[in-house]
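A.B. asks: output the structure for:
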Amino acid sequence: MAPDTTSITSFGLTLEAIRLKLPEKLQNPQIGIICGSGLSGLVDALREVEIIQYENIPGFGRSTVPGHKSALAFGLLGSGDGVPVVAMLGRFHPYEGHGLSTVVFPVRVMAKLGVRDLLITNAAGSLNPDIPVGTIVVINDHIALPNLTGMNPLLGPQTSPDHPRFLPLSDAYSVPLRRLVFLAASRLQLPQEALAEGTYAWVSGPTYETPAEGRFLRRIGADVVGMSTIPEVLAGREEGLNVAVLSLVTNFVVIPEKPRSIRAEVDAEVCPPYFQSSVTTDWYLDYWAAD
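C.D. replies: Residues are numbered from 1 along each chain as shown. Down below sits the predicted model:
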């Protein structure tokens, strides 16, 4: 793991460095957006954009995953005067070697800049045969196996005495924000099948799931699976943010219904069914060897 720079960097230094590079109207964004793999093009929808590279922000790591940039984009979104927003063009993952406090540091910075609503996006694999590639899944719950086994970004000293020590997650995903997503889809006249609701499974990566792991995740109730997002959800909720997550399904997880049996294939090859009841395998092999 890379050293956690957040442990030696104050939020004050980070906030000062960011605000010095921004005009006043962009210094207190209301909405934060985390762009997943290949989704950094969202910046094209912003006006009066200001880009700050992560390398120029104290406490920030560097994103190394293809499809991720390493910058914060500030701008105005929407009609009229617009709403000030900040977008992460590239996130941090534990599998890159980042410590978990580094992974969630940008979310905490967003909260201190003034963000109240956090929209997180990701690319994910589908575990559910009813959720095909291309579907946008509005996440309504999650299964975080790393969290349950000691890889939780909230372990350790709290970053604020105002945070709850034991964070409830029964309301992790904002109902009002999820409603807005579906209302927006309706206004855009997207087809019904374009969006779905489901449960996201977080795995640490960087390996993809084995067939047995895929079957396990499906049977315990997961609809999509990915290697990010949940640490940011937890930090966002701890900071008091309203959180919504959109997962774009980019592939089906390979989950054969039954494991491939090499023994059955060999048995079928060396001893066809019509011989099995009347001859031994040894006789069958000797017969063909003598032929």
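
A.B. asks: could you pull out the helices in the chain for me?
C.D. replies: 11-19, 100-113, 145-148, 175-187, 211-219, 230-238, 262-270, 273-276, 281-290 (DSSP state H).

A.B. asks: closest to I120 out of these?
C.D. replies: Counting by C-beta to C-beta, I120 lies closest to helix 230-238 out of the helices of the chain; the figure is 5.6 Å. (Each C-beta comes from the backbone N, C-alpha and C, glycine too.)

A.B. asks: got the angle for the closest one vs helix 100-113?
C.D. replies: Between helix 230-238 and helix 100-113, the angle comes out at 40 degrees (axes from the mean of the first three to the mean of the last three C-alpha atoms, to 10 degrees).

A.B. asks: and stretch 94-114, how far out from the chain middle?
C.D. replies: Its chain's average C-alpha position is 14 Å from that of stretch 94-114, according to C-alpha atoms, centre = their mean, to the nearest Å.

A.B. asks: I should have written stretch 188-197 there, sorry.
C.D. replies: That offset, for stretch 188-197, works out to 20 Å (C-alpha atoms, centre = their mean).

A.B. asks: buried residues in that stretch?
C.D. replies: Of all the residues in stretch 188-197, those buried under the rule 16 or more other C-beta atoms under 10 Å are 195-196.

A.B. asks: got a list of contacts for it?
C.D. replies: Stretch 188-197 is contacted from outside by 130-131, 134-140, 178, 181-182, 185, 223, using C-beta atoms under 8 Å, 6 or more residues apart in numbering.

A.B. asks: could you chop this structure up by domain?
C.D. replies: The record's domain split for the chain, according to automatic domain parsing, is 5-260, 261-291.

A.B. asks: verify the stated contact: R108 with L241.
C.D. replies: No - taking contacts as C-beta atoms under 8 Å, R108 lies outside contact range of L241: 9.9 Å.

A.B. asks: show me what contacts T64?
C.D. replies: Neighbouring residues of T64 by C-beta under 8 Å, 6+ apart: E96.

A.B. asks: contacts only, for R62.
C.D. replies: So R62 contacts 54-55, 70 (C-beta under 8 Å, 6+ apart).

A.B. asks: cutoff 6 Å now
C.D. replies: 54, 70 (C-beta atoms under 6 Å, 6 or more residues apart in numbering).
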